[in-house]
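1. using only what follows, build the 3D model:
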Amino acid sequence: MAAWKVLPAIAAGNTIVLKPAELTPLTSLMFAQAATEAGLPDGVVNVVSGTGREAGERLVSHPGVAMTSFTGSTAVGKRVAELATATVKRIHLELGGKAPFVVFDDADLEAAAHGAVAGALINTGQDCTAATRAYVQRPLYDAFVAAVADLMATVRMGDPFDPHTDLGPLISHAQRDRVAGFVERARGYATVVTGGEAPGGDLAKGAYYRPTLITGAPQDSEVVQSEIFGPVLVVLPFDSDDEGIALANDTPYGLAASAWSRDVYRTGRAAREIRAGCVWINDHIPIISEMPHGGVRASGFGKDMSAYSFEEYTQVKHVMSDNTAVVRKDWHRTVFGDRQT
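-> Residues are numbered from 1 along each chain as shown. Predicted coordinates:
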């Protein structure tokens, strides 16, 4: 993700200061080292590590910073926007998401179930585009829930460096506990079909959390409306196509979504009417460098990747030059009226 920001910015002729998340500074330092080894001059790619409150806020507020591109939660994005206002600097915000996964009744059930599990567990669910809300048309609902639960039960947790591992730990114990808090509160109003706990044994020492499937949650509940950022998928039924699309749009977010159907007219309608910066059809998650990535509403604005990303890091300037040597231009009549000299 650092590359999404750094590469178009320096390709557009800028120098940059990268402030990585305080929990993950090492890869950004390695990135800067690789940039030096690749021949970039000193001072083009700079890394400042630290907390958001101490390092991040000072960077955003600094008058020498012309533009800030931020990826993170909507709450912190609002703070970035507030700080940027003081110096009237441009901002690009790629914020939270609560991606809907809409399965119509003519969808390929097996493909949709596999897509839901993969889309929900990508990066251990710590992905703003991860599938978090599956809306399934009622004729497929029970079979979909059963298929997803069966698949989640086969997911192998373990060392991320082991090629046999499917799911590694969350970023920290604090984040694992946050995810567990969402699930524990949901037990009071919904059903935890599978998962819903940290594993025992050797994995208990790490920040692991089992893949979790929740059903029966009200649309206005926190597990449906709030970004959990963990391996948790909530599944809800719908009846009509109108209802499915309305439910998909019924959160403050608008980063990514997917629609599953064999009917191109159904998926075409979903792509038009679901309010999100990206809508996948019969897939969920693949992000490619040739296409723009960014959201709407509480998911922010601006684009990463593709040619559109250059617009975030450039400033359009209009230069006009007259080489006619004509003293009196035609437009001067707005001042001099009908005078001839």
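2. dump the residue contacts of residue 276.
-> Residues counted as contacts of residue 276 (CB atoms under 8 Å, 6 or more residues apart in numbering) are 99-100, 254-257, 295-296, 299. Every C-beta, even on glycine, is put in place using the N, C-alpha and C of the backbone.
3. in TSV: the residues you listed, plus distance to residue 209.
-> Shown next, in TSV, are the contacts of residue 276 (distance: CB to CB, whole Å):
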residue	distance to residue 209
99	19
100	22
254	27
255	22
256	22
257	24
295	26
296	30
299	24
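4. just the buried ones from the residues you listed?
-> Buried members of the contacts of residue 276, counted by 16 or more other CB atoms under 10 Å: 99-100, 254-257, 295, 299.
5. looking at those residues, which is nearest residue 204?
-> Residue 204 has its nearest neighbour among the buried ones among the contacts of residue 276 in residue 99, at 30.1 Å by CB to CB.
6. wait, the closest one touches residue 135, no?
-> No - taking contacts as CB atoms under 8 Å, residue 99 lies outside contact range of residue 135: 11.2 Å.
7. related to what we said a few turns ago, residue 235: which of the buried ones among the contacts of residue 276 is nearest?
-> The nearest member of these to residue 235, counting by CB to CB, is residue 100 at 11.2 Å.
8. show me what that closest one bridges to in the sheet.
-> residue 133 (DSSP bridges).
9. can you pull the contacts of it?
-> Residue 100 makes contact with 132-135, 247-249, 251, 257-258, 274, 276 under the criterion CB under 8 Å, 6+ apart.
10. neighbours of the nearest residue to residue 287 once chain neighbours are set aside, how many?
-> Distances taken as CB to CB, 6 or more residues apart in numbering put residue 293 closest to residue 287, at 5.7 Å, once the chain neighbours are dropped. Counted by other CB atoms under 10 Å, the residues lying close to residue 293 total 21.
11. now residue 186: how far from residue 54?
-> Plainly put, residue 186 is 35 Å away from residue 54 if you go by CB to CB, to the nearest Å.
12. more neighbours: the two, which one.
-> Taking other CB under 10 Å, residue 186 and residue 54 do not tie; residue 186 has more neighbours (23 against 9).
13. excluding residues flanking it in the chain, which one is nearest the more buried one?
-> residue 223 (4.8 Å).
14. where does that neighbour land in three-state SS?
-> helix (DSSP: H, G, I helix; E, B strand; the rest coil).
15. now do the contacts for it.
-> Taking CB under 8 Å, 6+ apart, we find residue 223 in contact with 182-183, 185-186, 190, 214, 217, 232, 234.
16. separate out the buried members of these.
-> The neighbour-count criterion (16+ other CB under 10 Å) marks 182-183, 186, 190, 214, 217, 232, 234 among the contacts of residue 223 as buried.
17. need the longest helix for this structure.
-> Counting by DSSP state H, the longest helix found in the chain is helix 138-153.
18. which is the next helix or strand following it?
-> helix 173-186 (DSSP states H and E).
19. hmm, residue 187 and residue 212 touching each other?
-> No - in this structure residue 212 lies outside contact range of residue 187 using CB under 8 Å: 11.0 Å.
20. can you tell me the closest non-neighbouring residue to residue 210?
-> In space, and not counting its chain neighbours, residue 210 is closest to residue 195: 3.9 Å by CB to CB, 6+ apart.
21. so who does the one you found touch?
-> 152, 183, 209-213, 231-232.
22. return the closest of the buried ones among the contacts of residue 223 with respect to residue 10.
-> residue 232 (37.2 Å).
23. sorry, back to before: wait, which of the contacts of residue 276 is closest to residue 269?
-> residue 257 (12.7 Å).
24. in a strand, the closest one, correct?
-> Yes - Residue 257 forms part of a strand when assessed by three-state DSSP.
25. distance of it relative to residue 205?
-> 37 Å.
26. equivalent analysis for residue 259, please.
-> According to CB to CB, residue 259 stands 41 Å off from residue 205.
27. higher neighbour count, these two?
-> The neighbour count for residue 259 versus residue 205, taken as other CB under 10 Å, is higher for residue 259 (28 against 9).
28. which residue comes closest to that one once chain neighbours are left out?
-> Leaving aside its chain neighbours, residue 259 sits nearest to residue 270 (3.6 Å; criterion: CB to CB, 6+ apart).
29. in this structure residue 296 contacts residue 254, no?
-> Yes - applying CB under 8 Å, one finds residue 296 in contact with residue 254, separated by 4.0 Å.
30. what do these two both touch?
-> By CB under 8 Å, 6+ apart, the residues touching both residue 296 and residue 254 are 275-277.
31. quick one, helices of the stretch 1-150 of the chain?
-> For the stretch 1-150 of the chain, the helices defined by DSSP state H, counting those that start in this stretch cover 2-11, 26-37, 57-61, 74-86, 109-121, 138-153.
32. for the first one, give me every contacting residue.
-> If I follow you right, that is helix 2-11. For helix 2-11, contacts defined as CB under 8 Å, 6+ apart pick out 16, 18, 20, 27-28, 31, 35, 40, 44-45, 69, 71, 293, 304-305, 309-310, 312-313.
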